[in-house]
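Enquirer: Provide a 3D model corresponding to the input given below.
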Amino acid sequence: MKNCCGCSKERRRDENRVIPKTIGQYTGLKDKNGREVFEGNIVEYNGYMGELVKGEIVFHRCEFVIKLSEKFFSHLSRLYDRVTVIGNIHDNPEFLEASNE
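Expert: I've put the predicted structure just below:
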């Protein structure tokens with residue numbers, strides 16, 4: 001059965017389906033452009049030496065941090081006003097792969 005726009009009811013249900021593993025917790029912070037920062041976002045910022053740094057927002061040891069590698073993290077609470085959200089790990093995993101090469 002089709003509705004007024006020609007879409008079947010089954011198709012409409014599929015379009016609104018949420019994939020639970022893609023939902024990220026809101027950190028309560030916004031990036032330098034005013035965009036809300038969520039767990040799973042990929043952010044970039046200029047490091048202290050002027051280099052471009054990219055990382056993933058993760059919850060680690062009771063706080064949100066920027067995961068730079070398996071062993072290195074930066075505190076999001078100290079850098080949130082310097083970071084820019086550029087994507088997320090679900091839609092843009094290549095952003096992190098390029099920074100780890």
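Enquirer: give me the beta-bridge partners of the residue positioned nearest the centre of the chain?
Expert: Central residue of the chain (C-alpha atoms, centre = their mean): Asn41, 0.9 Å from the mean position. Beta bridges link Asn41 to Asn88, judged by DSSP bridges.
Enquirer: Enumerate every residue touching it.
Expert: The contact partners of Asn41, taken as C-beta atoms under 8 Å, 6 or more residues apart in numbering, are Gly24, Glu56, Ile57, Val85, Gly87, Asn88, Ile89. Any C-beta I mention is one placed from the backbone N, CA and C, and that applies to glycine too.
Enquirer: if we go to 7 Å?
Expert: Gly24, Ile57, Val85, Asn88 (C-beta atoms under 7 Å, 6 or more residues apart in numbering).
Enquirer: Show the pLDDT at the last one.
Expert: So the one you mean is Asn88. pLDDT, Asn88: 94.
Enquirer: what's the spacing between it and Glu39?
Expert: Asn88 is 9 Å from Glu39, where distance means C-beta to C-beta, to the nearest Å.
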